[in-house]
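Undergrad: quick one: sequence and predicted model below, then my questions.
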Amino acid sequence: MLPRRLVGLAALVTVLAAPVLRGAPLAEDVTQLIVSLAPSWDAPRGKLLLLDRTPDGWRPASPVIAVLYGKHGLAWGRGVPGTEETGRHKREGDGRAPAGLFAIGTIYGDDPRLPDGADFPYHQVTARDAWVDDPQHPLYNQHVVIDDPANPPAWFEKHRMRVGDAAFRWRVEIRHNAEPTLAGAGSVIFFHIRRGPERKTAGCTVMAQDDLLAMIRWLRADRKPHYLLLPWADYPPRVATWGLPPVEAVQALAP
């Protein structure tokens, strides 16, 4: 196995500050945050915004981006410690996107290198790559690179990562159910290119190609980017306890 691994828009709106809560799930050294808010738990679509943490607070780094989630909406995922919640939880095959706070992992793609202007850990997907989504498999929800594609393990073909599929040309890993992995709690969660403006997913967050490329160019590993996905009504109660940007910083995402 291999290790896991926009262009910023100029001067946008007001700087928005939030009190720092030490020990909150959103660490102080996280200075890039992707926030997506849905109208409700069962909504298959919502809005997304890229935010930069500056010395004065949180500043938008993108316009509002339209996104699609799982066809059945959202369910609680397994992300950053301290964000565990009661209620409906993501399960393999439930058609729901994992809600919560997640680190961003490696970018995977078909191309030999990232788009111009991007600088982030990257892995080119080939005929040797798989991502296991069988809860009974010991490598469940793990990226695997086999030695010899001409003589693959019996399980490999079913879990092989697609190459040449336009929707998966670029995939940004959302670290759901990753450390540790719980069998059956959901796998293979990415940002990727949507197949159409109404085509929901099995659990990923998808958007138009230009929007995804802008996100990829914006991401920087040393800024420890994270992804927050919640229904709109569940955001304000977690601002203080999770250390999130103030509601005013994400008001553009209101339903």
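TA: Here it is on my side, so go on. Numbering: from 1, shown residues only.
Undergrad: give the contact list for the residue most central in space within the chain.
TA: For the chain, the residue whose C-alpha lies nearest the mean C-alpha position (Cα atoms, centre = their mean) is residue 174; its distance is 3.5 Å. Taking Cβ atoms under 8 Å, 6 or more residues apart in numbering, we find residue 174 in contact with 98, 102, 104, 105, 189, 190, 191, 204, 205, 227. Where C-beta positions appear, they are placed from N, C-alpha and C, glycine not excepted.
Undergrad: now render those residues as TSV, adding neighbour count, distance to residue 91 and secondary structure.
TA: Formatted as TSV, the entries for those read as follows, by neighbours: other Cβ atoms under 10 Å; distance: Cβ to Cβ, whole Å; DSSP: H, G, I helix; E, B strand; the rest coil:
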residue	neighbour count	distance to residue 91	secondary structure
98	26	10	strand
102	25	17	strand
104	23	23	strand
105	21	21	strand
189	27	13	coil
190	20	18	strand
191	24	21	strand
204	23	15	coil
205	25	18	strand
227	27	20	strand
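Undergrad: check contacts around residue 232.
TA: Residues 37, 38, 39, 40, 253, 254, 255 are the ones in contact with residue 232 under the rule Cβ under 8 Å, 6+ apart.
Undergrad: from those, which is closest to residue 149?
TA: For residue 149, the closest of the contacts of residue 232 turns out to be residue 38, at 39.0 Å, with distances computed as Cβ to Cβ.
Undergrad: so which bits of the strand or helix carrying residue 66 are buried?
TA: When secondary structure is defined using DSSP states H and E, the element that contains residue 66 is strand 65-68. Using 16 or more other Cβ atoms under 10 Å as the test for burial, strand 65-68 gives 65, 67, 68.
Undergrad: and the gap between the residue nearest to the centre of the chain and residue 157?
TA: With distances taken as Cβ to Cβ, to the nearest Å, residue 174 is found 25 Å from residue 157.
Undergrad: can you check residue 124 too?
TA: For residue 124, the distance to residue 157 (Cβ to Cβ) stands at 20 Å.
Undergrad: neighbour count for the two, which is higher?
TA: residue 124 (14 against 9; other Cβ atoms under 10 Å).
Undergrad: next one: that one, what pLDDT does it get?
TA: At residue 124 the predicted local distance difference test score is 98.
Undergrad: for the nearest residue to it once chain neighbours are set aside, helix, strand, or coil?
TA: For residue 124, the nearest residue in space outside its immediate sequence neighbours is residue 112; the separation is 5.8 Å by Cβ to Cβ, 6 or more residues apart in numbering. Classification of residue 112 using DSSP: H, G, I helix; E, B strand; the rest coil returns coil.
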